[in-house]
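> Turn this into a structure:
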Amino acid sequence: MRLTCDGKLHPCLGSHLETNLKPTLRPQIDAAHLHGLICDTLMQKLSEHLFRNNYQSQRVMTAIGG
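A predicted model of the protein is given here:
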């Protein structure tokens, strides 16, 4: 899993799925909701990445942290 500098959580570099965590962090942290979002995102993680299927990221890897 990767967290981008703009608050998006990516369960896999080879997937378009991203969860925006910023609304849960500002103006004050909602720890229970944050935990739920992280768990939900992790549950959606595919069993394997999509790079074998000519996956094209919507962001450059350096923007995701890879």
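> Which helix in the protein has the most residues?
helix 31-43 (DSSP state H).
> What lies in contact with that one?
1, 9, 11, 17, 19, 21, 24-25 (C-beta atoms under 8 Å, 6 or more residues apart in numbering). All C-beta atoms are positioned from the backbone trio N, CA, C, and that covers glycine.
> From those, which land in helices?
Using DSSP H, the subset of these located in helices is 24-25.
> Among the contacts of helix 31-43, which lie within strands?
9, 19 (DSSP state E).
> Save the contacts of helix 31-43 as TSV, and put in pLDDT, distance to His33 and neighbour count too.
Formatted as TSV, those follow (pLDDT from 0 to 100; distance: C-beta to C-beta, whole Å; neighbours: other C-beta atoms under 10 Å):
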residue	pLDDT	distance to His33	neighbour count
Met1	83	17	13
Leu9	91	13	19
Pro11	84	18	19
Leu17	82	18	13
Thr19	93	12	18
Leu21	94	10	20
Thr24	91	5	19
Leu25	88	10	13
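> Which residues belonging to the longest helix of the chain are considered buried?
37-38, 41 (16 or more other C-beta atoms under 10 Å).
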